[in-house]
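Participant: could you look at this predicted model? Sequence included:
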Amino acid sequence: MNQKLLFNDGWEFAKSGLDASAPTGLKFQPVDLPHDWLIEDTSNLYENSIGWYRKRFRCPAADRVLLAFDGVYMNSTVYVNQQKVGEWKYGYSTFEHEITTALRTGENEILVKVVHQAPNSRWYSGAGIYRNVWLKLRGENFIVTDGVYFSPRILDSAANRWLVTVQTELHLATKAELT
């Protein structure tokens, strides 16, 4: 099994001050991703605040489940069913967290906390989950994301001969050494 499902629909959003440790008592509004909460009030583009994204869903069957983000600006923490599954401090790079052990049978809830503190960029950076989110369904054994590496070396430039070494990073259910 190897599926990558676009996971942008059906999210909710609420905003709080920087002192909030949880979204208790906040009123969530429906949003679809990508989403930038700062752009909604152009008179306050440098507001310090926390954005809370929530999604409730039923997970398809899979041995391993990963939640992948193409971009969250900026300082994010991801929870599944109130269990912290990971964090990412960088706003312009992709990241993913395995969420398999946090999932339940039936309905699940993802909560993403995004902290925006200005100034943090020389240009308008926005704030929020500003790129796609993916749910990745995997079997027990799989090639990890970005886990294939190619190393070319010229053997004979006149004859246009090359040696290409390929290394692959695997997630294996049991320990094994492969050659």
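Facilitator: Looks like it came in fine.
Participant: for residue 100, what are its contacts?
Facilitator: By C-beta atoms under 8 Å, 6 or more residues apart in numbering, residue 100 lies in contact with 62-65. All C-beta atoms are positioned from the backbone trio N, CA, C, and that covers glycine.
Participant: now it: how far from residue 80?
Facilitator: Distance of residue 100 to residue 80, given as C-beta to C-beta, to the nearest Å: 9 Å.
Participant: start to end distance for stretch 91-99?
Facilitator: Counting by C-alpha to C-alpha, to the nearest Å, you get 21 Å between the two ends of stretch 91-99.
Participant: spatially central, which residue of the protein would that be?
Facilitator: In the chain, the residue lying closest to the centroid (C-alpha atoms, centre = their mean) is residue 69, at 2.5 Å.
Participant: from residue 60, how far off is that one?
Facilitator: Distance from residue 69 to residue 60, counting by C-beta to C-beta: 19 Å.
Participant: may I ask you to confirm that residue 144 is in contact with residue 138?
Facilitator: No: at 9.4 Å, residue 144 does not count as touching residue 138 under the criterion of C-beta atoms under 8 Å.
Participant: please name the strands paired to the biggest strand by length in the chain in the sheet, noting orientation.
Facilitator: Taking DSSP state E as the criterion, the chain has its longest strand at strand 142-156. Sheet pairing here is set by DSSP bridges, and for strand 142-156 it gives strand 161-171 (antiparallel).
Participant: and the average pLDDT for the partner strand is what?
Facilitator: The pLDDT scores in strand 161-171 average 94.
Participant: tell me which residues of that strand are tucked away?
Facilitator: By neighbour count with 16 or more other C-beta atoms under 10 Å, strand 161-171 contains the buried residues residue 171.
Participant: ok now it, how far from the chain's centre?
Facilitator: Taking C-alpha atoms, centre = their mean, to the nearest Å, one finds the center of strand 161-171 at 27 Å from the center of the full chain.
Participant: which residues are contacting the longest strand of the chain?
Facilitator: Residues outside strand 142-156 that contact it (C-beta under 8 Å, 6+ apart): 2, 64, 66, 68, 96, 136, 161-171.
Participant: next: stretch 70-85.
Facilitator: Counting by C-beta under 8 Å, 6+ apart, 34, 67, 69, 86-95, 97-99, 102-104, 108-117, 120, 125-134 sit against stretch 70-85.
Participant: one more pass at 7 Å, please.
Facilitator: Stretch 70-85 is contacted by residues 67, 86-89, 91-92, 94, 97, 99, 102-104, 108-116, 120, 125-132 when judged by C-beta atoms under 7 Å, 6 or more residues apart in numbering.
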